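>>> heads up, no residue letters with this:
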């Protein structure tokens, strides 16, 4: 988390406070690079108990340091006796900069050194191993880096205590490669925030191709059974056998009528954030099963606060009803053969009235009047 905060405070807040996470090609590649060091092996003798010439080679070592309030799982520890060196694995190639590594990685490694020192070991430097270029970069734990690490930690704690998500980075090259960019929406938030753009026009970058390969999948064969086999859905029918569809191509699974689903599939859909929707045979919606893919507690709290604040609920309701009546008028204009002009004029007048109503009850009356007009002429469409 200290690494994430040094990279982008907003990214840290989304992961730490909101519990958000999304995989990208980079995170998957990083997990692959860590596959060896994540398996515990070797032993780390307690400080003061190891002999001077005893070689230490331990993987996936968990340590805590209450004084500096840090916890870490160190990829690899090398050393002799009480002198140890943390080694942190990184998926990419060594960057071509004088320091040999960017600040987030150096701060993270130094934090591991501070944890080791608090536990009684001598740790004067660390190593960053870059898997793609297969290079080791030595990072000395000098006073400047230690102070920078402690400063970053203090900033992190202040951000936690403030309880407000930091603003997005502005036109940063970090954003396109960030796995949470589609949750953070940096350019969109900066564009819509009052004063957030500093008076300059912000161009929303297209970070992903404007294409969606996933589609809803409907199962309506009565008595069918839907199961999971690896990365695919299997739909079993008694007479027709099985049909398969890849999970990567499914945006939501819709079941119409009496269809069985295995527990393994439900758990997989929840983990992937794919909704499972239940309908009657005739298409009436019954319910939905959805995993907890987003855990934005602050957003939920503000939504509930707004729900019990009449001025805010009225403002939201006005927008909804106004949009509904505008849409009704547009539908009649486009699809009715000869819709009377007075009807269209009255719907326009009711649209304007939504902004003037003093309470929800009056708004419901306007919505009802518009619906009566709309459905009275709907048969002409």
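All right, it came through fine. Remember, predicted model here, so these are calculated numbers, not experimental data. Numbering: from 1, shown residues only.
>>> Show me the helices in this protein, by range?
2-7, 9-16, 25-33, 103-118, 143-162, 181-184, 186-192, 263-272, 297-307, 310-335, 341-353, 360-376 (DSSP state H).
>>> Mind giving me the packing neighbours of the third one?
Meaning helix 25-33. strand 83-90 (3 or more CB pairs under 8 Å, 6 or more residues apart in numbering; DSSP states H and E). Using the backbone N, CA and C atoms, a C-beta is placed for each residue, glycine as well.
>>> show me the contacts for the closest residue in space to residue 243 that isn't next to it in sequence.
Leaving aside its sequence neighbours, residue 243 sits nearest to residue 235 (CB to CB, 6 or more residues apart in numbering; 4.5 Å). By CB atoms under 8 Å, 6 or more residues apart in numbering, the residues touching residue 235 are 219, 221, 224-226, 242-245.
>>> switch to 6 Å and redo it
Going by CB atoms under 6 Å, 6 or more residues apart in numbering, residue 235 touches 219, 224, 226, 243.
>>> which residues of the stretch 51-200 of the chain score low on pLDDT?
Across the stretch 51-200 of the chain, the ranges flagged by pLDDT under 70 are 51-53, 194-200.
>>> For the stretch 201-350 of the chain, which residues score under the pLDDT cut-off?
Those would be 201-202, 208-212, 295, if you go by pLDDT under 70 across the stretch 201-350 of the chain.
>>> One more pass at 50, please.
Applying pLDDT under 50 to the stretch 201-350 of the chain flags no residue at all.
>>> Show me this structure divided up by domain.
For the chain, the structural domains run 2-162, 169-207, 215-289, 309-380, going by automatic domain parsing.
>>> just so I know, which of the ones you listed lies nearest residue 301?
Residue 301 lies closest to domain 2-162 among the domains of the chain, at 11.7 Å (CB to CB).
>>> how about residue 141, phi and psi?
Per-residue torsions, residue 141: phi -90, psi 70 (degrees, to the nearest 10).
>>> so it touches residue 112, yeah?
No - the criterion here is CB atoms under 6 Å, and residue 141 misses it with residue 112 at 9.5 Å.
>>> Neighbour count for those two, which is higher?
Higher neighbour count among residue 141 and residue 112: residue 112, with 28 against 22, using other CB atoms under 10 Å.
>>> and that one, what does it touch?
Here residue 112 is in contact with 72, 74, 86 (criterion: CB under 6 Å, 6+ apart).
>>> So which of the residues you listed is surrounded by the most neighbours?
Using other CB under 10 Å as the neighbour test, these are led by residue 86, with 29 neighbours.
>>> So the closest residue to that one other than its chain neighbours versus residue 298, what's the distance?
Excluding the flanking residues, the one nearest residue 86 by CB to CB, 6+ apart is residue 112, at 4.2 Å. Residue 112 sits at a distance of 31 Å from residue 298 (criterion: CB to CB, to the nearest Å).
>>> Now do the same for the residue nearest to residue 11 when sequence neighbours are not counted: its pLDDT.
Leaving out its chain neighbours, the residue that sits closest to residue 11 by CB to CB, 6+ apart is residue 4, at 5.2 Å. Looking at residue 4, its pLDDT is 95.
>>> quick one: residue 4 and residue 10 touch, right?
No - at 9.7 Å, residue 4 does not count as touching residue 10 under the criterion of CB under 6 Å.
>>> Please identify every residue contacting each of those two.
Joint contacts of residue 4 and residue 10 (CB under 6 Å, 6+ apart) do not exist.
>>> on that earlier part again, okay, the domains of the chain in TSV with distance to residue 303 next?
As requested, these are exported to TSV (distance: least, CB to CB, whole Å):
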stretch	distance to residue 303
domain 2-162	14
domain 169-207	17
domain 215-289	18
domain 309-380	10
